[in-house]
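S.K.: Have a look at this fold, sequence not included:
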């Protein structure tokens, strides 16, 4: 399913740049947008700029130049307003191991100002991400990585934000957990979410994305709708562009 191009972007990077004091350029004037009902996947190796991009949207770091916008709010000018519109799931979900799944959802819901959630709301979110009822009252230290990831996205679902950011969310998941996770992201997209995901997993990118971008040395060196790549070898495209090929943006 492709995004409705007539709608305004939910997420937008405009000339986004990050340079550090040591002279290293982590991100070099990248621009892209993600609309409602779209999954935009950033492919790239370690140090390509994927996590830096997500951190700029979350205002964990400030840009040297350019803007990261969420629902029109510039992240580093209006951080509190921008964060109201976004949920985040990282590679290593930072939850409390001594809390049960239900307790984690309750804690993070209250931390995010969602004081009206009921026990049934928490149960429904956990069931939706595939955590069976018998896991709800288990402490997270007993969970596998896949189960922790599900708990993390249950928290994101509770927030019901229009944008979802995911940083290497399928890293380390077994095939079954990865398949279930992809199905869940598709359902969120179909509900109208704009999803920005970073990964180095080419297979997952092809299975999931509406738009695929390849980042290398802080630049977008390739960007295409996934529908145009059906007959192409994405792995070969990735290798070619990561080897320093010409910048190839989507055709008009």
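M.R.: Great, that's in hand. Keep in mind it's a predicted model, so treat the numbers as computed, not measured.

S.K.: what ranges do the strands span in the stretch 1-150 of the chain?
M.R.: 11-19, 25-34, 38-43, 65-70, 73-74, 86-89 (DSSP state E, counting those that start in this stretch).

S.K.: is the residue nearest to residue 44 when sequence neighbours are not counted in a bridge, and if so with what?
M.R.: Nearest non-adjacent residue to residue 44, counting by Cβ to Cβ, 6 or more residues apart in numbering: residue 215, 3.8 Å away. For every residue, glycine as well, the C-beta is placed using N, CA and C. Under DSSP bridges, the beta-bridge partners of residue 215 are residue 220.

S.K.: I'd say residue 215 and residue 221 touch.
M.R.: Yes: using Cβ atoms under 8 Å, residue 215 is in contact with residue 221, at 7.1 Å.

S.K.: For the two, indicate the residue with more neighbours.
M.R.: Between residue 215 and residue 221, counting by other Cβ atoms under 10 Å, residue 215 is the more crowded of the two (26 against 23).

S.K.: which ones are touching that one?
M.R.: Residues in contact with residue 215 (Cβ atoms under 8 Å, 6 or more residues apart in numbering) are 30, 42, 43, 44, 48, 49, 50, 53, 221.

S.K.: how near is it to residue 173?
M.R.: From residue 215 across to residue 173, the span is 22 Å (Cβ to Cβ, to the nearest Å).

S.K.: in the stretch 151-252 of the chain, which ranges drop under the pLDDT threshold?
M.R.: Residue ranges of the stretch 151-252 of the chain with pLDDT under 70: 172, 243-252.

S.K.: show me where it has strands.
M.R.: In the stretch 151-252 of the chain, the strands defined using DSSP E, counting those that start in this stretch lie at 163-167, 194-199, 211-216, 219-225.

S.K.: Buried deepest among those, which one?
M.R.: strand 194-199 (a mean of 26; mean count of other Cβ atoms under 10 Å).

S.K.: Report all helices and strands that that one contacts.
M.R.: Packing partners of strand 194-199 (3 or more Cβ pairs under 8 Å, 6 or more residues apart in numbering; DSSP states H and E): strand 25-34, strand 38-43, helix 50-57, strand 163-167, helix 175-190.

S.K.: tell me the most buried of these?
M.R.: The highest mean neighbour count among those, using mean count of other Cβ under 10 Å, belongs to strand 38-43: a mean of 26.

S.K.: Remind me what that strand packs against, helices and strands.
M.R.: By 3+ Cβ pairs under 8 Å, 6+ apart, strand 38-43 packs against helix 175-190, strand 194-199, helix 202-208, strand 211-216.

S.K.: Give the bridge partners for residue 68, please.
M.R.: Assigned bridge partners for residue 68, using DSSP bridges, are residue 13.

S.K.: so what's it up against?
M.R.: 11, 12, 13, 14, 16, 53, 56, 57, 59, 74, 75, 76.

S.K.: repeat that for 6 Å
M.R.: 13, 16, 56, 57, 75 (Cβ atoms under 6 Å, 6 or more residues apart in numbering).
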